[in-house]
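Student: What follows is a predicted protein model with its sequence.
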Amino acid sequence: MALVAVGQLTSTASMANNLRQCQLLVKKAVRAGARALFLPEASDYIASSGEETISLAKSAQESEFLVGLQEEARREKLPIHVGIHELGQDSRKVKNTVLWIDEHGEIAQRYQKIHLFDVDIKDGPVLKESNSVERGSQILPPFSTTLGKVASTICFDLRFPEISLALKRQGADIITFPSAFTVPTGKAHWEILLRARAIETQSYVIAAAQVGRHNEKRVSYGHSMIIDPWGTVLADLGSNDGEPEIATAEIDLELLKKIRREMPLSRRTDVYPEV
Ligand SMILES: O=C(O)CNC(=O)[C@H](CS)NC(=O)CCC(=O)C(=O)O
């Protein structure tokens with residue numbers, strides 16, 4: 001058994017302030033005895049426009065946010081999974097990535113979001129992520145940690161079951177969905193999609209989410225969750241956007257094995273394609 005923490009915050013365009021919020025989440029995770037901390041998509045900053053998103057991006061070595069968080073991980077010997085922006089291949093775009101910073105403070109894994117959020121919903125969110133973000137083109141194979149094998153996806157990737165099924169087939173025990181969901185789509189879909197991914201892959205789901213008002217244009221839904229492989233919600237941080245908060249839950253790989261043994265999901269790939 002290993003205790004993990006999921007952290008929730010409201011990132012703004014101030015990287016220094018976002019770092020302070022994440023440092024507080026690290027402190028709370030350490031105090032709770034967690035063995036790893038999972039932070040949301042775009043923890044480093046959420047800007048008010050595509051242009052601002054691009055202008056704030058830094059290389060990994062130059063990001064005060066990332067360097068500061070690496071120091072925390074090293075000092076506390078606490079692995080941190082965190083969503084950030086990185087410079088794109090082409091300077092007109094950025095990468096939306098999630099990193100696994102190990103207990104030595106080193107960037108051990110990196111995944112770049114493959115599905116971008118381009119929506120135009122009447123009376124709802126209008127966002128065109130692909131204007132400022134370059135899409136990734138590969139799945140990161142699940143990687144070994146003291147918690148089990150962790151697999152990374154980001155936010156809108158949640159809506160495409162194929163990526164979760166592929167990660168399960170590659171050995172994932174825990175699938176992560178660091179996010180910044182909009183309020184209307186969050187209310188309608190967030191928990192259902194997360195529980196569906198946990199149930200159909202028989203894996204733990206860890207979904208750290210942004211919450212509250214980032215700027216005059218953006219508000220996020222919150223409800224960071226940890227869900228077990230049976231679909232039970234073990235933790236839910238709600239939509240409280242006061243002080244940044246964590247929630248914790250135990251990862252029990254024996255329970256995961258029991259669920260997979262008792263209800264084997266043997267696919268009929270002779271009838272439909274393997275993903
Ligand atoms: O903008 C940034 O800097 C960080 N990126 C995000 O917040 C992304 C792209 S706008 N948000 C989502 O994918 C929300 C998906 C969603 O809400 C849904 O699928 O319903």
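Tutor: Yep, it's here. The model shown is predicted, which means the values in this text are computed figures rather than measured ones. Residues are numbered from 1 along each chain as shown.
Student: all strands of the stretch 151-275 of the chain, in order?
Tutor: In the stretch 151-275 of the chain, strands defined by DSSP state E, counting those that start in this stretch lie at 174-176, 204-207, 211-213, 219-221, 225-227, 233-236, 245-251, listed in chain order.
Student: What is the longest one packed up against?
Tutor: Pointing back at strand 245-251 there. strand 2-8, helix 15-32, strand 225-227, strand 233-236 (3 or more Cβ pairs under 8 Å, 6 or more residues apart in numbering; DSSP states H and E). Placement of C-beta: from N, CA and C, glycine included.
Student: Contacts for the second one, please.
Tutor: Residues external to helix 15-32 that are found in contact with it (Cβ atoms under 8 Å, 6 or more residues apart in numbering): 3, 5, 7, 9-12, 37, 39, 43-45, 56, 63-65, 68-69, 72-73, 76, 78, 80, 82, 243-246, 248.
Student: Against residue 127, how distant is residue 97?
Tutor: Separation of residue 97 from residue 127 (Cβ to Cβ, to the nearest Å): 18 Å.
Student: what residues does the stretch 151-275 of the chain put near the ligand?
Tutor: Residues of the stretch 151-275 of the chain lying close to the ligand (Cβ under 6 Å from any ligand atom) are 155, 156, 159, 180, 181, 182, 185.
Student: isn't the fifth one right up against residue 127?
Tutor: No - the criterion here is Cβ atoms under 8 Å, and residue 181 misses it with residue 127 at 11.2 Å.
Student: between those two, which one's more packed in?
Tutor: residue 181 (28 against 18; other Cβ atoms under 10 Å).
Student: Excluding chain neighbours, what is closest to that one?
Tutor: Excluding the flanking residues, the one nearest residue 181 by Cβ to Cβ, 6 or more residues apart in numbering is residue 221, at 4.4 Å.
Student: could the helices and strands packed on strand 245-251 be laid out in TSV, adding mean neighbour count and mean pLDDT?
Tutor: What follows is the helices and strands packed on strand 245-251, written out as TSV (neighbours: other Cβ atoms under 10 Å; pLDDT from 0 to 100):
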stretch	mean neighbour count	mean pLDDT
strand 2-8	25	98
helix 15-32	18	98
strand 225-227	27	99
strand 233-236	17	98
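Student: could these be laid out in JSON lines, adding distance to residue 110?
Tutor: Output for the helices and strands packed on strand 245-251, formatted as JSON lines (distance: least, Cβ to Cβ, whole Å):
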{"stretch": "strand 2-8", "distance to residue 110": "19"}
{"stretch": "helix 15-32", "distance to residue 110": "18"}
{"stretch": "strand 225-227", "distance to residue 110": "23"}
{"stretch": "strand 233-236", "distance to residue 110": "26"}
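Student: on that earlier part again, now do the same contact list for the residue nearest to residue 181.
Tutor: Counting by Cβ under 8 Å, 6+ apart, residue 221 touches 181, 182, 183, 185, 186, 187, 190, 209, 211, 239.
Student: Tell me the buried residues within the contacts of helix 15-32.
Tutor: Buried members of these, counted by 16 or more other Cβ atoms under 10 Å: 5, 7, 9-12, 37, 39, 43-45, 56, 63, 65, 68-69, 72-73, 76, 78, 80, 82, 244-246, 248.
Student: So which of those belong to strands?
Tutor: Under the assignment DSSP state E, those contribute 5, 7, 37, 80, 82, 245, 246, 248 to strands.
Student: And the fourth one, what's its pLDDT?
Tutor: Just to be clear, that refers to residue 80. The model reports residue 80 with a pLDDT of 99.
Student: now do the last one
Tutor: Looking at residue 248, its pLDDT reads 98.
Student: Please report the distance of it from residue 137.
Tutor: 34 Å.
Student: Helices of this structure, start to end?
Tutor: Using DSSP state H, the helices of the chain run over residues 15-32, 50-56, 64-76, 161-169, 183-185, 191-201, 253-262.
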